[in-house]
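>>> missing the sequence, but the structure's below:
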């Protein structure tokens with residue numbers, strides 16, 4: 001059985017030491033760049049961009065990066081499938097200019113998908129510790145024992 005009772009003043013007060021993350025703002029230039037390819041109202045787009053920036057700057061940023069990369073991989077994979085279909089259509093029509101153009105876009109989309117998959121793999125592997133070794137020597141002695 002669950003019983004409800006009113007909270008005391010101590011229970012309803014916010015916990016000390018827990019600060020809310022600051023909101024990430026978008027400069028005029030950020031807003032212009034985000035809206036450059038959009039026609040009509042951009043309010044929802046700006047809010048989406050701002051929330052994504054906040055998520056990437058927040059404590060769960062690694063998960064956000066993985067989800068963002070996964071979405072990008074999905075979109076690139078879909079574009080690749082569509083371009084392959086388009087290439088087949090151009091080949092069937094014997095459209096040499098179309099084949100050349102679609103092939104060029106297909107190659108760049110394949111390269112982008114490959115790069116995104118590599119980045120997703122690196123992100124899934126977790127943080128890797130970088131090791132840099134620097135040394136200087138004037139003499140090197142190599143001995144072997146049998």
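On my side now, so go ahead. Just so it is clear, the model here is predicted, and its values are computed rather than measured.
>>> what's residue 54 sitting at in phi/psi?
Main-chain torsions, residue 54, degrees, to the nearest 10: phi -60, psi -40.
>>> and it, how far is that from residue 98?
43 Å (CB to CB, to the nearest Å). Quick note: C-beta positions are derived from backbone N, CA and C, even for glycine.
>>> and if you look at residue 67?
Residue 67 is 36 Å from residue 98, by CB to CB.
>>> Residue 77 too?
Remark: distance between residue 77 and residue 98 (CB to CB) = 22 Å.
>>> number of nearby residues for residue 78?
Residue 78 sits with 10 neighbouring residues when counted by other CB atoms under 10 Å.
>>> List the buried residues in the host helix or strand of residue 112.
Assigned by DSSP states H and E, residue 112 belongs to helix 96-125. By neighbour count on 16 or more other CB atoms under 10 Å, the buried set for helix 96-125 is 99, 102, 106, 109, 112-113, 116, 120, 123.
>>> Now it: average pLDDT?
For helix 96-125, mean pLDDT is 93.
>>> Likewise for stretch 35-44?
Taken as a whole, stretch 35-44 carries a mean pLDDT of 82.
>>> Name the residues of it that come out as buried.
Residues residue 42 are the ones in stretch 35-44 that count as buried (16+ other CB under 10 Å).
>>> what's the span of that stretch, first residue to last?
End-to-end distance of stretch 35-44 (CA to CA, to the nearest Å): 11 Å.
>>> Any chance you could list what contacts it?
Outside of stretch 35-44, the residues within contact range by CB atoms under 8 Å, 6 or more residues apart in numbering are 31, 34, 45-46.
>>> Now with 6 Å, please.
Outside stretch 35-44, the residues that touch it by CB atoms under 6 Å, 6 or more residues apart in numbering are residue 45.
>>> Could you do stretch 63-74 as well?
Stretch 63-74 is contacted by residues 55-56, 116, 119-120, 123 when judged by CB under 6 Å, 6+ apart.
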